[in-house]
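**Student:** can't give you the sequence, but here's the structure:
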Ligand SMILES: Nc1ncnc2c1ncn2[C@@H]1O[C@H](COP(=O)(O)OP(=O)(O)O)[C@@H](O)[C@H]1O
Ligand SMILES: [Mg+2]
């Protein structure tokens, strides 16, 4: 049965989409069955997989206009539930529906046995769509930069996730914080990481893999390719493969 990971940070540009695409591709290269879900109306993940404008996208799924099997699309070794630029409208339309936070969970239940990992790319907000992802997920991963104000956002994410855990999804857990775009050598990023490693709440929640700053990761995004297609020998490819290995070791089938 699939393990579901929500990749979440209410700030934009923290590396959510890059992580979903490249972690997902790394897991697929390790022969895992992987489904990616694009919950962001900017459709960056969907575009990166060449599926922008797909019919029966998540918007249609949320509005009950198609089945989940009609929504799942394939791109090489990866499966995707594509987003649409109308997702925000869908979020508004479901806002008066009873149990609107449970829609994604309900849809995914039908296909859990078909995958090993489901990774959800969240929008940069903590609205109904992100809440749907946390209600459906087993774990969430917070990608962030080692910079000054990152922790303020983290407090907010933790308080929302604690409410969801208490009221809607008791098994939800923080899988970990993933440092992305890390300039490993700067004293400042070292200081931020040290700060977190002595924090009671987070010290056991830092992934040992860091995703280093890598221009190839930025370029691969612009060329709509995974790092494994664009620059298989880059630091980015190495780091995301290490991260996939760490995740499989911690959360894979025993
Ligand atoms: N490790 C990295 N090194 C350099 N640039 C990166 C790295 N990870 C992501 N980026 C770039 O940072 C920008 C934001 O990343 P993205 O994954 O789109 O963030 P989000 O989905 O959280 O908004 C993109 O231009 C992306 O290419
Ligand atoms: Mg994104």
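**Tutor:** It's in. Here the structure is a predicted model, which means the values were calculated and not measured. Numbering: from 1, shown residues only. Ligands and ions are numbered 1, 2, ... in the order given.
**Student:** what does this protein put close to ligand 1?
**Tutor:** Within the chain, the positions near ligand 1 by CB under 6 Å from any ligand atom are 12-18, 44, 124, 180-181, 211, 213-214, 217-218, 221, 236. Glycine gets a C-beta too; all of them are placed from N, C-alpha and C.
**Student:** quick one: buried ones out of these?
**Tutor:** 14-18, 44, 124, 180-181, 211, 213-214, 217, 221, 236 (16 or more other CB atoms under 10 Å).
**Student:** can you report phi and psi for the residue in the stretch 101-250 of the chain that ligand 2 sits nearest to?
**Tutor:** Using CB to the ion, the closest approach of the stretch 101-250 of the chain to ligand 2 is made by residue 121 at 6.0 Å. Per-residue torsions, residue 121: phi -90, psi 110 (degrees, to the nearest 10).
**Student:** the closest residue to it other than its chain neighbours: neighbour count?
**Tutor:** Distances taken as CB to CB, 6 or more residues apart in numbering place residue 20 nearest to residue 121, at 4.1 Å, with adjacent residues excluded. By other CB atoms under 10 Å, 29 other residues sit near residue 20.
**Student:** so which strand or helix has residue 20?
**Tutor:** helix 16-29 (DSSP states H and E).
**Student:** surely residue 217 is in contact with residue 22?
**Tutor:** Yes. The criterion here is CB atoms under 8 Å, and residue 217 meets it with residue 22 at 7.5 Å.
**Student:** measure residue 15 to residue 70 for me?
**Tutor:** Per CB to CB, to the nearest Å, residue 15 is found 31 Å from residue 70.
**Student:** wait, residue 118 touches residue 7, no?
**Tutor:** No. The criterion here is CB under 8 Å, and residue 118 misses it with residue 7 at 10.9 Å.
**Student:** which of those two has more residues huddled nearby?
**Tutor:** residue 7 (30 against 25).
**Student:** what's near enough to touch the more buried one?
**Tutor:** Applying CB atoms under 8 Å, 6 or more residues apart in numbering to residue 7 gives the contacts 16, 19-20, 119-122, 140-141, 143.
**Student:** please tell me how far it sits from residue 89.
**Tutor:** In this structure, residue 7 and residue 89 are 23 Å apart, going by CB to CB.
**Student:** helices of the stretch 1-150 of the chain, start to end?
**Tutor:** Along the stretch 1-150 of the chain, the stretches classed as helices by DSSP state H, counting those that start in this stretch are 16-29, 44-48, 58-62, 68-71, 87-93, 103-108, 128-136, 150-167.
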